[in-house]
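J.: Sequence below, structure please.
(chains A and B)
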Amino acid sequence: MPYHSIVLVKQVPDTANVTAEAMKSDGTVNRAALPAIFNPEDLHALETALELRDRFGGTVTAVSMGPPKAADVLRSCLYRGANRAILLTDRRAAASDTLATSYILAQTVQAIGGADLVFAGRQAIDGDTAQVGPQCAEKLGIPQITYLEQLVDVRDRSVRVRRNTGSGWEIVEAPLPVLITVMETANRPRPEGARRVHRFKRARVEAEVAAEVKLALPDATDDEQAAETARRVEALRKQGLLIEQWDLDRIGADLDRCGLSGSPTKVFRIQAIVLTKEGYTEIPPTEEGIRRLVHELVLDHSIG
Amino acid sequence: MANYFLDNQDILFLFDHIDLQEIASLQELHAENGDADYVPQDAADAVDNYRRTLEIVGAVAAETIAPNAETVDREGNTLNDDGTVTLHPKVQENIQRMTQAELMGFTLPRKYGGLNSPNLIYTMATEVVSRADASFMNMFGLQGIAETVNAFANQEIKDEVLPRFAEGEVTGAMVLTEPDAGSDLQAVRLRAHQDEQGNWYLNGVKRFITNGCGEILLTLARSEPHISDGRGLSLFISERSEHVKVRHLEKKLGIHGSPTCELVYDNTPARLVGERQRGLITYVLALMNGARVGIATQSLGIAEAAYRLARTYAHTRHQFGRAIETIPAVAEMVTDMQVAIEAARALTYETSRVCDLENNYLRLTETCADRLEPEQLKAYKKELRALKRLNSMLTPMSKYYASEMCCRVADTTIQVLGGSGYMQDYAAERYLRDARITTIYEGTSQLQIVAAERGVTSGTFEKLVEEYEETNYQLAMLEELKQKLIGAKSELVRAIEFVKTQPTMFLDLVGRRLVDAAIVIYVGHLLLKQAVRNERKQRVARRFIESGLPELRMKCEQILARDTSAIDEYDLLAGPVPSTK
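T.: This next block holds a predicted model:
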């Protein structure tokens, strides 16, 4: 039977390619200096959803929350095969912490009409909290399975997942609908499809169209620009190239729970930590050597 | 993320340098798009699609194909007892990735699910793939088979087969060679006969068939038993079945990922492609031209991979307290490799571009004649004749020049790496093994020379070069180099005139020298054009021309010396045939 999935994806600064200007002097991330990329583990979440659809049929809807530029990752989802893409963008959602973000995303999922499976990457490389997926599940009132390594099976209204426990794995079963967070080891994301790229490279959210119109017609009045934007948006919609742009009103969000006012997290202190090497221990590749290594790791609670 | 297109400065340079919009306009004119929803809006949009397509190819090549290459080389494919072949799992993975990336119908019309890419873009793509794994290029590069079906088969076959190619459901094989019909395909014996209902069946043996285990076989067979030469041969299409078995998988020096099959046909049902008797003389020759550019491209890819290894090694390896690249002899090896690659790339890409012009003029005049203005049709037809002549010289030139360059570069890479290069610890030895086939298959270097020397001696070459000689370069250095090329051409022309006074046998003997000399002059001009707005390319052009001209003069001198001892005194110089006892 076909399954309908929603994948939560995020555009993040590429923290793996950090340069000297990555941090501003106040300790916050200098987003302008870092290239914006598809959060790596979200790509694996998308792949899991696409493979599920390849096997059983159904649909994959990609959802992202962010500024209009985040439409980039939604286009990338369309290039790989997503059926539908929705960008939740709203100035009032700025500065949301994980609590507010998960609230907004849960509201979005509900406004879509729910799904059989909601997928998300385990965590985003900019915050590394791994909280948004689980909090979403709580707010949606559905079971969650974190750290998916393999989607073992989906049968009727239940799913079996092999999840990583940190020191091994376990296979768990949950009824649908369910929210699942996906690890990098789950699969290898498919490449973008050339035909889909040629088609969806023109896909836009309304905010992008408005910005393009502003550039193209700098001398036009606001009304003229708005009319031109509406015309272009309509043309894109007809061609199936409009990425839906939703705001907080569209999802019926309680504004007190969004943005700064919905975010109790306060940054108490930011500390720059420089990791330095302090000597090394050579372990001989023998039974005895390994035994000593394990013993040492147990003593300092690295394992066990 | 690694990307073999985006990290290649020379391919990126040529992508911008070559007038792709001209090609795109032709390619899109009356293109068969069906109801495809990914048609570009205009030529600029098409060029943007080309770039995006190559970025995808570059990503798959770097992230999947290249990391798989070593294992595929070591383990190869497997022949099963039932006459089928199981491709190595990593080869299957490569195909799956290329299919997911929607690249398996690269040059096919969109109405079949293809990308309608010009040959030149396909050339760039196959180079990028070959750099990752030369043997996988033989799977990705077999798209010429689908193209042949598209060009010559009837509508029914096209509708049935082409979408399956584009979706990556099937791969194909071009089944030509037999034990006694290699370079001489006129000697093909595999029999095709019709039953009373007019159905065709094939019987016989083919060997050295690249991907002979593929699902779609295009087979050259003798349909007219009473005609013993090429006019008795027709082209047939058949599906893999229990009526055609792989009897043997060849054990080869290189390209281990590419299954080379011996095929046994046992009453294999087949359908005729195009018309009877045109199999070899029209269809296979057309296919062969594309395939030859393909091998030139594969050669570029292998050479690029080898060069990068040598360049890195020369930079990081220290001996005598310094990087070995500071040793003059090593520095010269490294720079010669790079210049040779850029020279061969210039020639191959230009050939590809000319092929695109020819292919499109042919398509437009043959299938869209009613939609063209009469004057335009006339102009296209005239242009077409000239392009055909030009291509029949440039295609074998590229194949010959790029493949010989590839072997040289792969060989030099091992030299730069020294003992390490000889060991299996580095990919250098694989590159050399993979390189070695390029001067052999799809026509040996010697056959390419025979094909190219006609153009060199019949005026095609001179006419081509004259156009370049008319270019006025603002930069004194470039103008000076151009004058040197003009001077060199008159030396070559003198040698050509001399050859014309001699028996044909002499032309066959010195053909290689003539073609070598012509290539130096032509590629010299191509590099000068590239150098107009690029300072580095000015140095490349100078290095190429200044080191090429003395060799050109030497070759002309050798021709004029009229040394025919290799033939006249063959027995004496070659010595006795070795005893087998």
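J.: Neighbouring strands - and their directions - for the longest strand belonging to chain B?
T.: In chain B, taking DSSP state E as the definition, the longest strand is strand B:260-273. Using DSSP bridges, the neighbouring strands of strand B:260-273 in the sheet come out as strand B:200-210 (antiparallel), strand B:233-239 (antiparallel), strand B:244-249 (antiparallel).
J.: Any chance of JSON lines for these, columns mean neighbour count and mean pLDDT?
T.: For every residue, glycine as well, the C-beta is placed using N, CA and C. Compiled in JSON lines, those are given as follows (neighbours: other C-beta atoms under 10 Å in any protein chain shown; pLDDT from 0 to 100):
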{"stretch": "strand B:200-210", "mean neighbour count": "20", "mean pLDDT": "96"}
{"stretch": "strand B:233-239", "mean neighbour count": "24", "mean pLDDT": "96"}
{"stretch": "strand B:244-249", "mean neighbour count": "18", "mean pLDDT": "95"}
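J.: Identify each buried residue in the longest strand of chain B, please.
T.: Buried residues in strand B:260-273, counting neighbours by 16 or more other C-beta atoms under 10 Å in any protein chain shown, are found at B:260, B:261, B:262, B:263, B:264, B:265, B:268, B:270, B:271, B:272, B:273.
J.: quick one: the fifth one and chain A, what's the gap?
T.: Taking C-beta to the nearest C-beta, to the nearest Å as the measure, residue B:264 falls 37 Å from chain A.
J.: Would you mind measuring from that residue to residue B:207?
T.: When distance is defined by C-beta to C-beta, to the nearest Å, residue B:264 is 10 Å away from residue B:207.
J.: And for the third one?
T.: Distance, residue B:262 to residue B:207, by C-beta to C-beta: 4 Å.
J.: hey, what's in contact with both of those two?
T.: Counting by C-beta atoms under 8 Å, 6 or more residues apart in numbering or on different chains, the contacts common to residue B:262 and residue B:207 are B:248, B:250.
J.: hey, where'd the strands end up in chain B?
T.: Secondary structure of chain B (DSSP E): strands at B:78-79, B:85-86, B:172-175, B:191-194, B:200-210, B:216-222, B:233-239, B:244-249, B:260-273, B:318-319, B:322-323.
J.: what's the answer for the stretch 201-304 of chain A, then?
T.: Using DSSP state E, counting those that start in this stretch, the strands found in the stretch 201-304 of chain A span residues A:244-246.
J.: neighbours of residue A:33, just the number please.
T.: For residue A:33, the tally of surrounding residues (other C-beta atoms under 10 Å in any protein chain shown) stands at 14.
J.: Let's see the pLDDT reported for it.
T.: At residue A:33, the model reports a pLDDT of 73.
J.: how big is the angle separating the worst-scoring helix or strand of chain B on mean pLDDT from strand B:233-239?
T.: Among the helices and strands of chain B, helix B:143-152 carries the lowest confidence by mean pLDDT, DSSP states H and E, at a mean of 90. Counting by axes from the mean of the first three to the mean of the last three C-alpha atoms, to 10 degrees, helix B:143-152 lies at 110 degrees to strand B:233-239.
J.: what's next to helix B:143-152, contact-wise?
T.: In this structure, residues lying in contact with helix B:143-152 by C-beta under 8 Å, 6+ apart are B:104-109, B:112, B:122, B:157-158, B:161-162, B:165-166, B:172-174, B:216, B:218, B:235, B:237, B:273-274, B:282-283, B:286-287, B:290-291, B:294.
J.: Make a ChimeraX selection of the buried ones in these.
T.: Written as a ChimeraX command, the selection of buried residues from those, which uses 16+ other C-beta under 10 Å, is:
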select /B:104,105,106,107,108,109,112,122,157,158,161,162,165,166,172,173,174,216,218,235,237,273,274,283,286,287,290,291,294
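J.: Just give the number of residues close to the closest residue to residue B:249 other than its chain neighbours.
T.: Once its chain neighbours are removed from consideration, residue B:249 has its nearest residue in residue B:79; the separation is 4.4 Å (C-beta to C-beta, 6 or more residues apart in numbering or on different chains). Neighbours of residue B:79 under the rule other C-beta under 10 Å: 18.
J.: what residues are up against residue B:79?
T.: By C-beta under 8 Å, 6+ apart, the neighbours of residue B:79 are B:85, B:246, B:248, B:249.
J.: gap between it and residue B:251?
T.: As for residue B:79, its distance to residue B:251 is 11 Å (criterion: C-beta to C-beta).
J.: Provide a list of residues in contact with the nearest residue to residue B:336 once chain neighbours are set aside.
T.: Across the structure, with C-beta to C-beta, 6+ apart as the measure, the residue nearest residue B:336 apart from its sequence neighbours is residue B:412 (7.4 Å). Contacts were defined as C-beta under 8 Å, 6+ apart; by that measure residue B:412 touches B:306, B:310, B:333, B:336, B:337.
J.: Most widely separated two among the residues you listed?
T.: Across the contacts of residue B:412, the two members that end up farthest from each other (C-beta to C-beta) are B:306 and B:336, 12.8 Å apart.
J.: Of those two, give the one with the bigger neighbour count.
T.: For residue B:306 against residue B:336, the residue with the higher neighbour count under other C-beta under 10 Å is residue B:306, and the figures read 31 against 16.
J.: wait, isn't that one in contact with residue B:435?
T.: Yes: with contact defined as C-beta atoms under 8 Å, residue B:306 counts as touching residue B:435 (7.4 Å).
J.: joint contacts of the two?
T.: Among the neighbours of residue B:306, those also in contact with residue B:435 (C-beta under 8 Å, 6+ apart) are B:409, B:410.
J.: tally of neighbours for residue 168?
T.: The chain I'm using is chain A. For residue A:168, the neighbour count with other C-beta under 10 Å is 6.
J.: My question was about chain B, not that one.
T.: Once other C-beta under 10 Å is used to define contacts, residue B:168 is seen to have 19 neighbours.
J.: give me the number of residues near the closest residue in space to it that isn't next to it in sequence?
T.: If you skip the residues right next to it in sequence, residue B:168 has residue B:99 as its closest partner in space, 2.9 Å away by C-beta to C-beta, 6+ apart. When neighbours are defined as other C-beta under 10 Å, residue B:99 has 18 of them.
J.: Residue A:296 now?
T.: Counted with other C-beta under 10 Å, the burial measure for residue A:296 works out to 13 neighbours.
J.: Can you check the pLDDT for it?
T.: At residue A:296, pLDDT is 87.
J.: which residues touch it?
T.: Contacts for residue A:296 were tallied using C-beta under 8 Å, 6+ apart; there are none.
J.: That one and residue A:281: what is the separation?
T.: Residue A:296 is 8 Å from residue A:281, where distance means C-beta to C-beta.
J.: go on, residue B:429?
T.: From residue B:429 across to residue A:281, the span is 38 Å (C-beta to C-beta).
J.: who has more neighbours, these two?
T.: Neighbour totals were compared for residue B:429 and residue A:281, and residue B:429 leads with 20 against 7 (other C-beta under 10 Å).
J.: contacting residues for the more buried one?
T.: With contact taken as C-beta under 8 Å, 6+ apart, residue B:429 is in contact with B:414, B:421, B:422, B:423.
J.: Report how many residues lie close to residue 10.
T.: Since you didn't name a chain, this refers to chain A. Other residues within reach of residue A:10 by the criterion other C-beta under 10 Å amount to 25.
J.: if you could check chain B rather than the one you did, that'd help
T.: The local packing count at residue B:10 equals 20, with neighbours defined by other C-beta under 10 Å.
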